[in-house]
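**Q** kindly generate the corresponding structure for this input.
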Amino acid sequence: MIFLRNVHRAWLRSLMTVLGIAGGVALFAAILAMTTDLQKQLRGAIGAYNLEVVVYERRATSPFSSKISGEQMQSLRQHFGTRLTPIVVGTLNEKWNAYAMVVGVEPGFSQRIPLVVGERFKPGRREIVLGEIGAQRLQLQPGQSLRLDGEDYTISGVFRSGSRMFDGAVMTGIADAQKMLSQGGTAGQYTMALLQTTSHEDKDRFIGEVQARFPGLRAIPGTEFAGSLRLLKVVDTFAYTISLVALMGTCLLVTNTLLMAVAERTREIGILMTVGWTPWLVLRMLLAESLLLCALGTGVGNVLAVLLLRVVNGMESIGYGWSPVSLPPTLVLGSFVATAMVAVVALVWPAVVVWRLQPLSALRHE
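**A** Now for the predicted structure:
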């Protein structure tokens with residue numbers, strides 16, 4: 001095939017183009033994989049335990065930055081009873097992890113999270129259960145200790161929640177978590193509360209009751225939890241902007257390669273036109289070259305994206321399990337579709353050049 005011969009003939013330029021496309025695709029795929037995976041983890045963690053309603057501070061920018069006082073939580077308990085589950089969530093800057101996530105829960109809620117090994121923590125005894133990913137990264141087992149907020153806590157067990165982000169966290173009693181995360185070392189504040197419902201009607205009713213009875217609090221459906229994180233929205237915007245820039249750069253790179261190919265093969269194109277080739281046939285040949293380069297670059301780029309994700313996942317500057325280590329099939333397919341569109345768009349400028357090319361002037365081209 002002519003287009004394969006043309007790509008092979010200028011192999012160095014083709015190689016540099018493929019590597020450039022691969023770099024853009026790797027950036028595009030890795031960033032989107034991290035943002036979509038984080039949203040998936042949050043939604044999965046909420047849905048896995050049938051937590052239909054999330055209650056947090058109305059003034060907070062997101063549930064994770066919320067602060068609910070002890071008095072407010074007590075009022076919620078009196079109104080909703082056993083359906084209410086208080087939660088304390090935060091991060092500590094430890095030597096072994098700059099974003100060590102700490103989750104404080106009641107013993108009843110911890111019973112719903114399966115253990116891999118060991119036993120559940122006992123409140124008030126400075127015991128913790130460690131997520132499976134955290135245990136693997138730190139190479140710790142039940143019976144050993146882990147330093148948190150300047151104190152040693154005994155690991156009583158290792159849990160698996162099904163969410164990588166939480167499987168890299170530390171779980172303990174609410175009082176211990178409050179003590180670790182409170183700036184003054186005093187207990188009393190909560191991050192959020194979870195309400196378990198049995199029907200869609202209950203969910204709507206509970207949300208309405210929180211809005212009416214507790215003006216300082218806000219209630220949202222669990223399905224909207226990820227969307228309520230303002231930081232996640234900022235990250236999403238940044239990710240899509242960087243991805244768009246990467247695709248635009250890839251498009252310019254392919255356009256430049258095709259223009260160079262047309263300039264170098266002007267006389268050859270003129271000969272083809274004199275023997276009956278129409279501009280459409282020439283453009284079809286260039287489109288095949290463009291699609292081939294983009295396909296090769298996308299394949300290499302997806303491999304580089306996986307390697308990049310694994311490197312990021314191994315960094316201590318991010319939380320354990322916060323980064324995925326593979327690309328979802330839909331994203332891989334989407335990257336091929338996106339670069340196929342890039343291949344077509346990149347052909348616009350070369351198409352104008354080819355369409356205006358006259359056979360006789362092309363034959364005189366040196």
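**Q** and the helices in the chain?
**A** 2-9, 11-48, 70-80, 107-110, 132-138, 164-167, 174-181, 200-213, 230-264, 266-274, 279-313, 329-345, 348-355, 359-363 (DSSP state H).
**Q** residues touching the fourth one, excluding its own?
**A** Applying Cβ atoms under 8 Å, 6 or more residues apart in numbering, the external contacts of helix 107-110 come out as Thr85, Ile87, Arg120, Phe121, Pro123, Val129, Met171, Gly173. Any C-beta I mention is one placed from the backbone N, CA and C, and that applies to glycine too.
**Q** check contacts around the third one.
**A** Contacts for Arg120 were tallied using Cβ under 8 Å, 6+ apart; they are Pro107, Ser110, Gln111, Val129, Ser156, Gly157.
**Q** gap between the fifth one and Val348?
**A** Using Cβ to Cβ, to the nearest Å, one obtains 64 Å as the distance from Ser156 to Val348.
**Q** ditto for the third one
**A** From Gln111 over to Val348 the distance is 61 Å, taken as Cβ to Cβ.
**Q** rewinding a little: and the furthest pair within the contacts of Arg120?
**A** Gln111 and Ser156 (13.6 Å; Cβ to Cβ).
**Q** who has more neighbours, these two?
**A** Ranked by neighbour count (other Cβ atoms under 10 Å), Gln111 and Ser156 place Ser156 first, with 19 against 11.
**Q** need the contact list for the more buried one.
**A** Gly118, Glu119, Arg120, Phe121, Lys122, Glu127, Ile128, Val129, Pro142.
**Q** quick one, which of these are buried?
**A** Gly118, Arg120, Phe121, Glu127, Ile128, Val129, Pro142 (16 or more other Cβ atoms under 10 Å).
**Q** neighbours around the nearest residue to Arg58 once chain neighbours are set aside, how many?
**A** Nearest residue to Arg58 in three dimensions, chain neighbours excluded: Arg218, at 4.5 Å (Cβ to Cβ, 6 or more residues apart in numbering). Look at Arg218: counted by other Cβ under 10 Å, it has 20 neighbours.
**Q** specify the beta-bridge partners of Pro221.
**A** Taking DSSP bridges, one obtains Val53 as the residues bridged to Pro221.
**Q** Ile207 is in contact with that one, correct?
**A** Yes: between Pro221 and Ile207 there is a contact under Cβ atoms under 8 Å: 7.2 Å.
**Q** now for those two: what residues contact both?
**A** Val53.
**Q** hmm, back to that, any idea how far Asp236 is from the residue nearest to Arg58?
**A** Taken as Cβ to Cβ, the span from Arg218 to Asp236 is 21 Å.
**Q** give me the distance from the longest strand seen in the chain to the chain's centre.
**A** When the chain is parsed with DSSP state E, its longest strand is strand 84-94. Here the centre of strand 84-94 is set off from its chain's centre by 21 Å, with Cα atoms, centre = their mean, to the nearest Å.
**Q** quick one, what contacts Cys294?
**A** Cys294 neighbours (Cβ under 8 Å, 6+ apart): Ile21, Thr250, Val254, Thr339, Ala340, Val342, Ala343.
**Q** 6 Å instead?
**A** Ile21, Thr339, Ala343 (Cβ atoms under 6 Å, 6 or more residues apart in numbering).
**Q** returning to that earlier point: dump the contacts of helix 107-110 to a markdown table, plus pLDDT.
**A** Output for the contacts of helix 107-110, formatted as a markdown table (pLDDT from 0 to 100):
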| residue | pLDDT |
| --- | --- |
| Thr85 | 90 |
| Ile87 | 92 |
| Arg120 | 94 |
| Phe121 | 93 |
| Pro123 | 87 |
| Val129 | 96 |
| Met171 | 95 |
| Gly173 | 93 |
